[in-house]
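>>> can't give you the sequence, but here's the structure:
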Ligand SMILES: Nc1ncnc2c1ncn2[C@@H]1O[C@H](COP(=O)(O)OP(=O)(O)OP(=O)(O)O)[C@@H](O)[C@H]1O
Ligand SMILES: [Mg+2]
């Protein structure tokens, strides 16, 4: 299919003897919303980490927007245009909401050491514009006005999740990776977030890849769903197809008995 | 408020905000700059004699400036970027030996003079303008910092600490053995390099502006000139540190300190950003070392023991990691204690209480106590930044990306 | 240009990690190879001298091993480089002088049937003192910081090291503390004019059973299992009902005890000690622990032997050796090279932490 933004070919990751991700082929089309689902420990986050350069795959290739990603350090992948959020929120706890987003914009700003020390007019303008843009992003993601000056650690849980998205948007991504963005949100918040994801794609021309446990969110918005289980891709298709897939139901039922750790109902 | 303080208070309140904001810094700065002019009064006010020893002399104040610069430099590494460097003295040594090589008789009979001031034209050896050497020393230390930093900064925190400590121990030994590096006398070994040319403005400038000395060493009150130079260097360092803290780079340092993986994922290049922190720290360390060597007119391998690295670290911790004002305070207080204060206190005790203590011998035990006490009781330092306070109290810290075995 | 046109642009950088792993492996072998050449060259150059220096190195390595184990035990369990450990060792050597020479009046003139039991008493005193000291340090300085950022206890450990050193100087003075030759010094044999004395052998003979006992303790006893569990995952261990604080304290006691024993052996061997020798010797021992793969008991013993040998070779041999004025640099260079290029140690396998 023409216009794939991201392509992963036979990506594999082993930790010692454990195969966390086994020869997965995967694509994200330009402008698409794709979901990655699977029971706990299926290797979803590991897969994300390989796409973003945090882990180097044991073997396989990842291409993003015409660039080979494997072997690049994370910041270089981000510079290419892959933004991400973390499953277990990883904000900078004692930086304010605004500063968090500004760190996200790091790669898009230029101010170097000498200009910073001299504080040249050009630098001041850049900083001012960056702060304006960051404020805009905070508002766009639905953060309250105070969030700008509040330490990330003091924000409410939902706001922290939203700030993660705002920070990722600060990197000016072409592809946004969301790792369980609605975990811990109530159904109403989840629904709002679902429509927000659609809006982001339409208004900002993003492509979105999302790991999600909440099937309402997944089925409501994804154009395509990929299912991982024990590191292997067991199904791929439209939400409708996935819901009917025997292997998927089996994988979830099989693990539902053990995975009752309140991670958000798998088969809601 | 103003009612209580009367007419004066009213007048004060009517002053423009800018003036009021500047009043305190300007007063402090004036007090600092004019210190040599009223040192004698402080000495007398303390009762002269043995108690008068408690008043920091002008040379002590020069040393305090040197340590404040170093502490501010290390603060960039430890306080801003959260990288523990236990070999900071290596940069200090680099700066000092630049002064030693390019402004002494060491390389006689070769004779090169370059814009040198206050040096007899017949003198052999390399004699480069000493002001220039301050910059060269700082830049040399920076390069050394980058060379040491590139392979080591990817290590995780505690490994980095021990590796830098290793460098901090190797360099003095290499310098100490440097009178015979494959048959060449490079550093003059344990005998050190001395005398080093003095700071000054040269005869030409001196003729035009006669209040400027042609060479500090020739002046009767030469320590005063070094002191003012030191204060100027401290101000420069402070300025750079504050500007950097509030810059894009400063934000990236905090981000790395708090969560390396998240920072990298947000597009912060870890290696480059850390190396910058290291290089900037090294820059000021080198400048301080160079300035101190010129002030002492000598440099010896014994000047670069691990103790110095630890002392500077102690200053940063005491003042408050990350807070420039705290670090200035910590640097000034501990340098004073190390150089004069403890001895003066000991002398006073021995004089008045009839004890027979040699307190300066235990300086580093006292520093150890300060370190442990601060870490346990007030890890954020005397003057903390709000940020660091929370980090240390709540134990904020993210994993590191380049893990040792990764 | 379209995104999916065949192969992607592959930046130079992309190949770097894999490439550098290769380089790493090659470099490791090159260095090991050069080391072997250097050792063999020295052997050929002066075989007799080599053997006597080798035996010296084994003795030195034994003492390092006891200290290195303390580092490795503590690092294994709470990931702290306990800078103060070397100074605990120094205190062990001081206590050995006090007890053996000053209190028990040993001076080498007594017969072995008097000396041996009294040395044993001294050993117990050193072990008890250093074990207690180490536990006290942990309790006072490290435990309160267990949830602080990782650098906090590390910095505290440096402070503790300075405190212990100066306390040593306060009690014993800044000068060397001599002790008479209490261990039998009769030469067992002579090689190349240099005697191999009974006391050298004695030190090795005391060290080996201690090491074996330690390995047994950690591998096979209940307490040892608790230690390994805590090292793996502190929170999980706590949930499984292991008393984490007690286990950590026990580890420190064990490390301290080993340092105490090492202190005794060292002072008997060297016949003097000083308030400040713990720091550097401690760092040498730490290098040994790193070399063997930190956290790995047998690795630490192996690394210590290697460091002991390298130091002895450097100071005692003549074919391409930098000489004793460079010992510190040589050993710290090893420390740096290992940490930078092979942080898992010579014996360890690479394992990655989770991001
Ligand atoms: N750094 C690592 N070292 C060793 N094992 C790891 C590492 N990272 C992940 N794993 C293992 O890989 C497997 C996949 O983990 P991963 O986090 O990718 O699962 P996941 O699909 O994201 O699960 P969840 O829904 O719980 O987030 C798990 O068994 C995990 O324990
Ligand atoms: Mg996950």
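Cool, got the structure. The structure presented is a predicted model; accordingly, all values stated were derived computationally and were not measured. Ligands and ions are numbered 1, 2, ... in the order given.
>>> residue C:346 contacts residue C:289, doesn't it?
No - taking CB atoms under 8 Å as the definition, residue C:346 is not a contact partner of residue C:289, at 11.6 Å. Every residue, glycine included, has its C-beta placed from N, CA and C.
>>> and for these two, which residues touch both?
C:299, C:303 (CB atoms under 8 Å, 6 or more residues apart in numbering or on different chains).
>>> between these two, which one's more packed in?
residue C:289 (33 against 16; other CB atoms under 10 Å in any protein chain shown).
>>> and that one, that's in a helix?
Yes - the assignment for residue C:289 by DSSP: H, G, I helix; E, B strand; the rest coil puts it in a helix.
>>> what bits of chain C have low per-residue confidence?
C:1-20, C:348-355 (pLDDT under 70).
>>> now do the strands in it.
C:177-178, C:187-191, C:194-197, C:272-273 (DSSP state E).
>>> can you tell me which of those strands is nearest to residue C:117?
strand C:194-197 (21.4 Å; CB to CB).
>>> can you lay out the strands of chain C as CSV showing distance to chain A?
As requested, the strands of chain C are exported to CSV (distance: least, CB to the nearest CB, whole Å):
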stretch, distance to chain A
strand C:177-178, 49
strand C:187-191, 47
strand C:194-197, 46
strand C:272-273, 45
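>>> which of these is buried the deepest?
Highest mean neighbour count among the strands of chain C (mean count of other CB atoms under 10 Å in any protein chain shown): strand C:272-273, with a mean of 20.
>>> quick one: distance of that one to the chain centre.
18 Å (CA atoms, centre = their mean, to the nearest Å).
>>> residues contacting that strand, please?
In contact with strand C:272-273 (CB under 8 Å, 6+ apart) are residues C:90, C:93, C:94, C:96, C:97, C:176, C:177, C:178, C:179, C:263, C:266, C:267.
>>> listing partners with orientation, what would you give for that strand?
strand C:177-178 (antiparallel) (DSSP bridges).
>>> who in chain A is up against ligand 2?
A:45, A:87 (CB under 5 Å from the ion).
>>> avg pLDDT for stretch A:168-179?
Averaged across stretch A:168-179, pLDDT comes to 95.
>>> enumerate the positions of that stretch that are buried.
A:168, A:169, A:170, A:171, A:172, A:173, A:174, A:175, A:176, A:177, A:178, A:179 (16 or more other CB atoms under 10 Å in any protein chain shown).
>>> run through the residues that contact the residue nearest to the spatial centre of chain C.
Nearest to the geometric centre of chain C sits residue C:68, at 1.8 Å (CA atoms, centre = their mean). By CB under 8 Å, 6+ apart, residue C:68 lies in contact with C:285, C:286, C:288, C:289, C:292, C:300, C:301, C:303, C:304.
>>> would you agree the fourth one is in contact with residue C:302?
Pointing back at residue C:289 there. No - taking CB under 8 Å as the definition, residue C:289 is not a contact partner of residue C:302, at 10.2 Å.
>>> closest point of chain A to chain C, which residue?
residue A:71 (3.4 Å; CB to the nearest CB).
>>> any figure for the gap between that residue and residue A:62?
As judged by CB to CB, to the nearest Å, residue A:71 and residue A:62 stand 10 Å apart.
>>> between these two, which one's more packed in?
Neighbours were counted for residue A:71 and for residue A:62 using other CB under 10 Å; residue A:62 has more, 25 against 20.
>>> does that one touch residue A:69 like I think?
Yes - here residue A:62 reaches residue A:69: they are 4.1 Å apart, a contact under CB under 8 Å.
>>> which residues are common contacts for the two?
residue A:51.
>>> which residue ranges form the strands in chain B?
Under DSSP E, chain B gives strands at B:111-114, B:125-128.
>>> for chain A, find the nearest of those.
strand B:125-128 (24.3 Å).
>>> distance from stretch C:297-307 to the middle of the chain?
8 Å.
>>> stretch B:369-388 and chain A in contact?
Yes - Stretch B:369-388 comes into contact with chain A (CB under 8 Å from any CB of the partner chain), by way of B:386, B:387, B:388.
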